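Novice: compute the structure for the input listed below.
(3 chains)
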Amino acid sequence: MKELNNLLKEIKDYKSKMFGRDFLLTWDKSIDELKQILAIADLLKLMRQENISARCFDSGIAVSLFRDNSTRTRFSFASACNLLGLAVQDLDEGKSQIAHGETVRETANMISFLSEVIGIRDDMFLGAGHTYMVEVGEALEDGFKQKVLPQRPAIVNLQCDVDHPTQAMADLGWLKEYFGGLDKLQGKKIAMTWAYSPSYGKPLSVPQGIIGLMTRFGMEVSLAHPEGYNLIPDVMDVAKKNAKESGGKFAVCNTMEEAFKGADIVYPKSWAPYSVMQKRTTLLQNKDHDGLKVLEKECLANNAKFKNWECTEEMMKLTKKGKALYMHCLPADITDVSCKAGEVAASVFDRYRIETYKEAGYKPYMIAAMILTSRFKDIHGLLEKLIKQGKERVA
Amino acid sequence: MKELNNLLKEIKDYKSKMFGRDFLLTWDKSIDELKQILAIADLLKLMRQENISARCFDSGIAVSLFRDNSTRTRFSFASACNLLGLAVQDLDEGKSQIAHGETVRETANMISFLSEVIGIRDDMFLGAGHTYMVEVGEALEDGFKQKVLPQRPAIVNLQCDVDHPTQAMADLGWLKEYFGGLDKLQGKKIAMTWAYSPSYGKPLSVPQGIIGLMTRFGMEVSLAHPEGYNLIPDVMDVAKKNAKESGGKFAVCNTMEEAFKGADIVYPKSWAPYSVMQKRTTLLQNKDHDGLKVLEKECLANNAKFKNWECTEEMMKLTKKGKALYMHCLPADITDVSCKAGEVAASVFDRYRIETYKEAGYKPYMIAAMILTSRFKDIHGLLEKLIKQGKERVA
Amino acid sequence: MKELNNLLKEIKDYKSKMFGRDFLLTWDKSIDELKQILAIADLLKLMRQENISARCFDSGIAVSLFRDNSTRTRFSFASACNLLGLAVQDLDEGKSQIAHGETVRETANMISFLSEVIGIRDDMFLGAGHTYMVEVGEALEDGFKQKVLPQRPAIVNLQCDVDHPTQAMADLGWLKEYFGGLDKLQGKKIAMTWAYSPSYGKPLSVPQGIIGLMTRFGMEVSLAHPEGYNLIPDVMDVAKKNAKESGGKFAVCNTMEEAFKGADIVYPKSWAPYSVMQKRTTLLQNKDHDGLKVLEKECLANNAKFKNWECTEEMMKLTKKGKALYMHCLPADITDVSCKAGEVAASVFDRYRIETYKEAGYKPYMIAAMILTSRFKDIHGLLEKLIKQGKERVA
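Specialist: Numbering: from 1, shown residues only, chains lettered A, B, ... in the order given. Prediction:
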């Protein structure tokens, strides 16, 4: 109970203007706002442990729109919405369809008459996912102002071409727990590195999310990737600016070894080069299946040059006392387990398996916190009320 | 609160026998019953605005069975059910499957042990959709009498080959709001006209729903379509009879211009000729894909003769003071927006865009009202109880 | 109310250790535990009749994982979960995919952060379904112990290669009602017989479930099938052992006539021979489509030799006073209705149609009882609380 009250107080003290706004990019939010999200997530987690219901919607629809396959994020979103009392309704627009203009405006309103939140995953097309979410947001804003909609549903970015905020915030929540507080992250070195995988076309949003978020909390973020595997330049600029402001560091290096050296945390993960994603977007839009096959072949051949980018036991020895925390958004490509050669050695992964599960376990709570802050003006009042009321989650 | 009480009183005063019966066709219901549905929909809408929960089911399943694609109606049904506390479970029978006899009887019971409502969309096969719904209803009736089912689930027609009552009632609810009352509709002219679209096979249920419903409220319904684009003769007879009884008018004319002349409301929309739908039904049943392609080609070629059936600014000038209300069930085929030549000019649509959204916004409430009247004997008592109880929808 | 209290007392008196354990096979449970499930199912059914809410979860996810098509079981599971307050979230892994090791462990945890129950249907692969469920259970157990999961979700077997406990328990519940008590089943003869069907590859889990369960209640179970249509040997052993312990009988005979002779209950149903299912499993795993076609052809040809294995009026005359209760898990292959020659004559099926529906009607309540006993330590206390509280299910 004391812990609940401490969290409540913390939540109250943060300055936050998230009401009525979407959660699309972590760098659109202030440090106070991000801290508030973390504190609310911790509170919701604790409430569940204490069997206190967090149900604040007696009814209401949560729309899920996935333009890419997903099991984990789908379940996280469903769990978060259910925790708050919302029922998920899937919107199936087809994986590869990009709607614009009138269609977006109309659909956004048609699905929102009694909806409280729209979760969107749209990470296939570079330059399109974030843009689409902004467009949906504008349509909802207009629908609400014009009294088409009795409420303004919140949009939660469940992964776009630019950021993956629910993942990055879950990662941050886990680091906060692991190291015992956000302040403990100041000066910690995190190695966000590319790693080899026998697949191609993995989105850039995870590494971009990490460099865009961790640089805000005074961490020393070391990004490493083979030549050509660049991230979106704009996000690189965001990371540089963040590091400067927070008293942290943002450095790019060319080897996994350099990034791992002395690191407190390592996050080795495959992604596709920016330029490949650009080509791929054009090919996808043109439905050029032959072109896609050629690109895949080229890209896999290029990947194969970097099989040594693997998080092995030897690599881990380079980290601080050889004991850096291994992180991954899952599923990882584990050498000799899920593939012949992958991102991480089986023994390393196995040692940190439970940790990666706990990392993932934060996601539902982060999503729930994002929904609440967008939909409730007096978020502290709401949470206080729910706790005071103390309705049992399970009888 | 006063408005809530006025609506409650209105609901009480209507004579209604909808309890235990399905909502399949608007012309199966009395004027009082339709007015009660409208009033309940308005009440539910108002309750939501006032943050009063309309949840009357603590648990219960709502089955959705869509034999045709749908985003709007799917969301409307899900929203309505959720508002009342029901959880939607989809029944996937495959799009083109028509079940009969033992299969229908058995499935109807198997999905209904704990179900409160079954929403069905079955508009592909002329002569089949409505028949199927009646058959399901009989199976449920029997299952309930035989004590297989602890309750008799309500069927809501979410579009069949004959009528589209949730759409037509939403349209009527919107007209009631727009013109300030049902009584204001007496003598108003509505032009239900065919319009060109670069697609084929659109169901007849929307125009049929409109002529079958609007003729009951003293409106002057003017139906216009190119030669051959007839509606089902039985429904035409219904409209004629209705107009006679209500003191309205029902006229058929051969040009959009004539229908639009002096109209208070215009509803220009594409549909397939009755005879084409008959042929198409046979081809679909025989899975004659080549035959379907030939038919589509013929039909599109025929459609193309009538590209001048477009709701342009010039057409709109013919309406009363040039300011008729434009209506559409959405999505509309908008010239130069969603297609090269379509049902409506972009400038006309854009002027009425928000109005069409508001029109659509009534659908969830109409569906909810249909469910309530079928499932609750003392509908006034229920609603009074919910309002008195005053549970917050959002904490 | 008196009946509710009697059931409550009965539930209290049974010795049960089902808390925290999965429901995978009926023969893993004690007689007391099975009786408790039956009593809870009856209580939940009665509570619904009396409009008393059984909702004990304010929020919570129920995962449904179907590796085979299903309408009935899907709806039963959804209905059961909804009755208790859980929201169903489907996990689509693809029909034919068998995951093992790391993937199972990881997925089991990723979908369970806020989940209370996982319902699994996995009956396609002999030797795989039950094994998979055990593996998922171990992963959940580990995740709970390692504090990845705040609760240990219950697994309910919705049909595996070995048993179909929700069906068999529903069948038992129905027999209890039909004959007026479990004690009345002692000495009753049930004929579990193969029957002809123009399909192949039907799972063995229903007949296995029946011989594994009914032998525990002192029934005389007579299993009959054509040569070669054996069940899994281990389950045959279970049935023999059960019969011995319960004072019942378990006999295998070679003709439908012999099994039907003097039977109180008949359960004629098609299944594939054990050896065919073994071959089929290998072919499915190797994705050998040609091999599957050959096997299907062979098997159908072999089936066709046994068209006389049909539950006709003549066969029924052999049963006790010609009035044995006909049972089926549905859908049945009805001669001249769903096929030219099938498992049962139309006139026989029609006479017992309503009875088979009532049989099926127990399934949602059995599933709910399985969930409750696994998730609540003090099951009697919970049910007493819900009844005392007396919240209306429908307002």
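
Novice: please count neighbours and contacts with C-alpha atoms only from this point.
Specialist: Will do.

Novice: so who does the closest residue to A:Leu204 other than its chain neighbours touch?
Specialist: Excluding the flanking residues, the one nearest A:Leu204 by C-alpha to C-alpha, 6 or more residues apart in numbering or on different chains is A:Trp271, at 5.8 Å. The contact partners of A:Trp271, by C-alpha atoms under 8 Å, 6 or more residues apart in numbering or on different chains, come to A:194-195, A:200-204, A:229.

Novice: with A:Asn308 instead?
Specialist: Contacts of A:Asn308 by C-alpha under 8 Å, 6+ apart are A:Tyr196.

Novice: name the SS class of it, please.
Specialist: coil (DSSP: H, G, I helix; E, B strand; the rest coil).

Novice: tell me how many other residues crowd A:Ser199.
Specialist: 16 (other C-alpha atoms under 10 Å in any protein chain shown).

Novice: tell me the contacts of the spatially closest residue to A:Asp183 that is not a sequence neighbour?
Specialist: Spatial nearest neighbour of A:Asp183, chain neighbours left out: A:Phe217 (7.8 Å); criterion: C-alpha to C-alpha, 6+ apart. By C-alpha under 8 Å, 6+ apart, the residues touching A:Phe217 are A:182-183, A:185-186, A:246, A:248.

Novice: do the same with A:Lys188
Specialist: Neighbours of A:Lys188 in contact, by C-alpha under 8 Å, 6+ apart: A:218-220, A:263-265.

Novice: check the contact between A:Phe125 and A:Lys279; I expect there is one.
Specialist: No - contact between A:Phe125 and A:Lys279 fails when scored by C-alpha atoms under 8 Å: they sit 9.9 Å apart.

Novice: and those two? Which one has more around it.
Specialist: A:Phe125 (23 against 16).

Novice: does the more buried one sit in a helix, a strand or a coil?
Specialist: Going by three-state DSSP: A:Phe125 is coil.

Novice: which stretches of chain A form strands?
Specialist: Ranges of strands in chain A, per DSSP state E, are A:61-66, A:87-90, A:115-122, A:154-160, A:189-194, A:220-224, A:249-253, A:265-269, A:325-326.

Novice: how near is A:Lys287 to A:Leu126?
Specialist: Between A:Lys287 and A:Leu126 the distance is 15 Å, computed by C-alpha to C-alpha, to the nearest Å.

Novice: whoops, I mixed them up, A:Gly248
Specialist: On the measure of C-alpha to C-alpha, A:Gly248 and A:Leu126 end up 29 Å apart.

Novice: could you do A:Gly262 as well?
Specialist: Distance from A:Gly262 to A:Leu126, by C-alpha to C-alpha: 34 Å.

Novice: check contacts around the residue nearest the centre of chain A.
Specialist: Centroid-nearest residue in chain A: A:Gln167, 2.5 Å away (criterion: C-alpha atoms, centre = their mean). Listed by C-alpha under 8 Å, 6+ apart, the contact partners of A:Gln167 are A:206, A:209, A:329, A:360, A:363.

Novice: looking at the residues you listed, which has the most residues close by?
Specialist: A:Lys363 (29 neighbours).

Novice: so for the lengthiest helix in chain A, mean pLDDT?
Specialist: Counting by DSSP state H, the longest helix found in chain A is helix A:31-49. What helix A:31-49 shows for mean pLDDT is 98.

Novice: what's the neighbour count on the residue in the stretch 151-300 of chain A that chain B sits nearest to?
Specialist: Per C-alpha to the nearest C-alpha, A:Gln151 is where the stretch 151-300 of chain A lies closest to chain B, at 9.1 Å. Using other C-alpha under 10 Å, A:Gln151 has 20 other residues around it.
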